[in-house]
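Asks: Next one to model:
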Amino acid sequence: MLATIQRFFQQALSEPEGSGRSAPTLERATAALLCEVVRADYHTDEAELAALREMLQRHFQLADDEVEALMEMAREEIETSVDHYQFVSLIKQHYGYAERCELVRMMWSLAFADGESHHLEEHRIRRLADLLHVSHSDFIRAKLQVQGSDETQGSP
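Replies: The predicted structure follows:
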């Protein structure tokens, strides 16, 4: 079943064939950068994985099995990649500034999904925001928005 889903994504979402390894799709690139935040503190928490599933499902309107396949492919992309250039450049090509800021906000949501944010996660998000050419003020604004919404949701 997983092979069928992977084939679907490779055929439906990948760029034209030609090279030995297909270039990442926009969906995989986005998921890969979000996975980077999840693994930034070297501890994968179930709350973070659940938040990632929900984000990807909502952002790309995918079914549960498609989200699982996308997350698996994104994890593989991150583990085999030397750097983030291929992901970041694809996102910068296709996402406007507001969409890149939203992506940084999603990163912060993942960082706080387990109830706390670690210095390593903040460092990773800051680095990715810089690569995505998101200003420092928008980086901070996204962090404060997520912190504010978490405090609002937690209060009775």
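
Asks: quick one, what contacts the spatially most central residue of the chain?
Replies: Here the mean C-alpha position of the chain is nearest to the C-alpha of residue 34 (Cα atoms, centre = their mean), at a distance of 2.0 Å. Residue 34 sits next to 52, 55, 56, 74, 103, 106, 107, 110 when contact means Cβ atoms under 8 Å, 6 or more residues apart in numbering. C-beta coordinates here come from the backbone N, C-alpha and C atoms, glycine included.

Asks: Go through those residues and flag which are in helices.
Replies: Assignment to helices by DSSP state H places the following of the contacts of residue 34 there: 52, 55, 56, 74, 103, 106, 107, 110.

Asks: Test my guess that the third one contacts residue 71.
Replies: Translated: residue 56. Yes - in this structure residue 56 lies within contact range of residue 71 using Cβ atoms under 8 Å: 6.8 Å.

Asks: The two: who's more crowded?
Replies: Neighbour comparison, residue 56 and residue 71: the larger count goes to residue 56, with 23 against 20 (by other Cβ atoms under 10 Å).
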